[in-house]
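In: missing the sequence, but the structure's below:
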């Protein structure tokens with residue numbers, strides 16, 4: 001689900017600080033936009049009332065996600081929303097994502113301290129590790145930053 005955004009090519013290309021663009025560059029901004037679209041589409045497909053009924057996600061968070069504002073949505077809540085219309089439950093979505101992130105880190109030869117230093121989110125290496133393992137919360141905005149660093153290093 002979330003990790004498939006990169007595989008589908010929906011998270012590349014954005015203008016850099018100097019105004020130039022690299023169509024193959026994976027950016028946190030593009031990833032977040034793709035995540036927000038994914039969650040918004042799931043709410044639209046299932047209907048807000050069904051998402052409220054089938055998840056423990058706060059109604060205000062569902063409303064924001066439906067409007068495409070999901071940067072502050074927790075990864076757990078995002079997975080719960082996606083599971084309403086997916087063929088997998090939220091735990092399976094999270095497990096697949098974590099596997100993808102950890103395998104990406106191995107392929108990119110990244111440790112958690114290097115990863116923490118490469119993101120804008122104010123997280124230490126230990127906090128990144130806890131978030132990747134599911135022992136601490138992570139927002140979709142933070143996920144976008146982490147995944148962008150991993151994907152850029154893999155290339």
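Out: Now that the structure is in, tell me what you want to look at. This structure is a prediction, so every number in the text was calculated from the model and none was measured.
In: tell me the contacts of residue 140?
Out: Taking C-beta atoms under 8 Å, 6 or more residues apart in numbering, we find residue 140 in contact with 2, 32, 35-36, 39, 70-75, 78. Glycine gets a C-beta too; all of them are placed from N, C-alpha and C.
In: closest to residue 143 out of those residues?
Out: Nearest to residue 143 among the contacts of residue 140: residue 75, at 5.7 Å, using C-beta to C-beta.
In: what about the nearest residue to that closest one once chain neighbours are set aside, how many residues nearby?
Out: Leaving aside its chain neighbours, residue 75 sits nearest to residue 138 (4.7 Å; criterion: C-beta to C-beta, 6 or more residues apart in numbering). Residue 138 has 22 neighbours, counted by other C-beta atoms under 10 Å.
In: give me the pLDDT value at residue 138.
Out: Residue 138 carries a pLDDT score of 95 in this model.
In: quick check on the contacts of residue 140: which are buried?
Out: 2, 32, 35-36, 39, 70-71, 73-75, 78 (16 or more other C-beta atoms under 10 Å).
In: pipe the residues you listed into JSON lines and attach pLDDT, secondary structure and distance to residue 128 per row.
Out: Output for these, formatted as JSON lines (pLDDT from 0 to 100; DSSP: H, G, I helix; E, B strand; the rest coil; distance: C-beta to C-beta, whole Å):
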{"residue": "2", "pLDDT": "87", "secondary structure": "coil", "distance to residue 128": "16"}
{"residue": "32", "pLDDT": "96", "secondary structure": "helix", "distance to residue 128": "17"}
{"residue": "35", "pLDDT": "96", "secondary structure": "helix", "distance to residue 128": "18"}
{"residue": "36", "pLDDT": "96", "secondary structure": "helix", "distance to residue 128": "22"}
{"residue": "39", "pLDDT": "97", "secondary structure": "helix", "distance to residue 128": "22"}
{"residue": "70", "pLDDT": "94", "secondary structure": "coil", "distance to residue 128": "20"}
{"residue": "71", "pLDDT": "95", "secondary structure": "coil", "distance to residue 128": "18"}
{"residue": "73", "pLDDT": "97", "secondary structure": "coil", "distance to residue 128": "19"}
{"residue": "74", "pLDDT": "97", "secondary structure": "strand", "distance to residue 128": "16"}
{"residue": "75", "pLDDT": "97", "secondary structure": "helix", "distance to residue 128": "13"}
{"residue": "78", "pLDDT": "97", "secondary structure": "helix", "distance to residue 128": "18"}
